[in-house]
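J.: Fold the following, please.
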Amino acid sequence: MTDENGDVADHGNPSWSQRSTAHIADLQGQINRLRNQVSAPDMELLKKAETHLEAARRSLKRRSRRERFTGRATDRALANIHEAEVAILRILPEADLRWKGLPVLAEARLHLHQDDLRLQHLEKSLGADPTHVTVEHRDLLVTTLHASYKAEEAERAKVRSFTQLLCAATTVMALIAFGCAMWALAEPDVARRFCFPDNPDDPKSLMTVCPLGTEAKWEGVWFIEFVGMLAAAVAGAVSLRQVRGTAGPYHVATALLLLRLPVGALSAVIGVLLLSGQFFPGLTALDTPNQIIAWAIAFGILQEAVTRSVDRQGQFLLENVRTSGRDPEVPGEKRKSRKKEP
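T.: Residues are numbered from 1 along each chain as shown. Model prediction:
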């Protein structure tokens, strides 16, 4: 089912929005507790943290369907949550500060490169005991945490940009497929390009084998596009076995499935046109409409050769977004360098 923000959720697996709301409530509790403990100058930082939390709440509540799909609003909320956490870290009392060394170090190891000077300096300063944190470490903790969050936001921005690119490509491909279908409706000669001669050895033979019978009809072009989309949808459903879920607010897998539909329609149209133009030697004698439709289905499935590389790029970007609980490491060990982006 979905929550009030439109995110998929169930009782055992809370949505990203629900987890963020809980995180915001926890940070608000920390702010309320610090009100009577901070000095007047630090009160400005406390107000700044509250402003960021309020902005995060607005981002989670006022989201359009497009922002939900691409994850833009949730990433904006996350950025404000990060800024609030950094502001709170700047004013924490020394008694609470000592417990921040371990989470900051874990966050830095997740998102910063092992050669990052801030990470190296933090590891060296804390030594073998991450709880050995003093006021002198505060600036280093703040700087390292802020850099870690910026690196995480950059990782998520790549996924969001990729999702938007998929949406744009799907829209363009769908408009081209629709334009081709409307062209066949307006111009009868377009439908004739999808027909084949009854006797391919005779140059004067009439085009009598068409997708829907013996006459060139605009419905034949529409039907070729439909079976191409149908084949692409089936191929996409089969490819789901290789897709991993994500805990983030992104719908990359859904966008990849939607992209397959117009690509499958256009692949079927282009394939049948190539057969009609005798581009493939030995594949010019199509004797029945069913053979034309069968080839359209085959070309619709062959779109997988194009979209599979897009699938790999999407999966790479999703795996590059590191969150707590993934890629666990023994404290004190260097994190392995990430693979280069293909």
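J.: Skip the chain neighbours and tell me the closest residue to Ala147.
T.: Arg118 (5.7 Å; Cβ to Cβ, 6 or more residues apart in numbering). Placement of C-beta: from N, CA and C, glycine included.
J.: how many neighbours does the one you found have?
T.: Neighbours of Arg118 under the rule other Cβ atoms under 10 Å: 17.
J.: give me every residue that touches it.
T.: Ala108, Leu112, Leu140, Thr143, Thr144, Ala147 (Cβ atoms under 8 Å, 6 or more residues apart in numbering).
J.: Buried ones among those residues?
T.: Buried subset of the contacts of Arg118 (neighbour count, 16 or more other Cβ atoms under 10 Å): Ala108, Leu112, Leu140, Thr144, Ala147.
J.: And the fourth one, how far from Ala79?
T.: Okay, so that is Thr144. Separation of Thr144 from Ala79 (Cβ to Cβ, to the nearest Å): 17 Å.
J.: circling back to that earlier point, from the contacts of Arg118, which land in helices?
T.: Among these, the members found in helices (DSSP state H) are Ala108, Leu140, Thr143, Thr144, Ala147.
J.: From these, pick the one nearest Phe162.
T.: Here the nearest of the ones in helices among the contacts of Arg118 to Phe162, counting by Cβ to Cβ, is Ala147; it sits at 23.4 Å.
J.: just checking, the closest one touches Leu117?
T.: No. Using Cβ atoms under 8 Å, Ala147 and Leu117 do not qualify as a contacting pair, with a distance of 10.0 Å.
J.: what about this structure, any weak spots by pLDDT?
T.: Scanning the chain for pLDDT under 70 picks out the ranges 1-16, 63-70, 199-207, 242-249, 281-285, 323-342.
J.: domains for it, by residue range?
T.: Structural domains annotated on the chain: 16-158, 160-320, as defined by automatic domain parsing.
J.: How many neighbouring residues does Ala22 have?
T.: 11.
J.: whoops, I mixed them up, Pro289
T.: Neighbours of Pro289 using other Cβ under 10 Å come to 18.
J.: With the one 10 residues further on instead?
T.: Here the number of neighbours of Phe299 (other Cβ under 10 Å) works out to 26.
J.: go on, the one 5 residues further on?
T.: Counted with other Cβ under 10 Å, the neighbours of Glu304 add up to 19.
J.: And the one 3 residues further on, by the same measure?
T.: The local packing of Thr307 (other Cβ under 10 Å) involves 21 other residues.
J.: The nearest residue to it once chain neighbours are set aside: which element?
T.: Using Cβ to Cβ, 6+ apart and skipping the chain neighbours, the partner closest in space to Thr307 is Arg260 (5.6 Å). In the assignment (DSSP states H and E), Arg260 maps to helix 252-276.
J.: Tell me which other helices or strands that helix touches.
T.: helix 138-186, helix 218-239, helix 289-302, helix 304-320 (3 or more Cβ pairs under 8 Å, 6 or more residues apart in numbering; DSSP states H and E).
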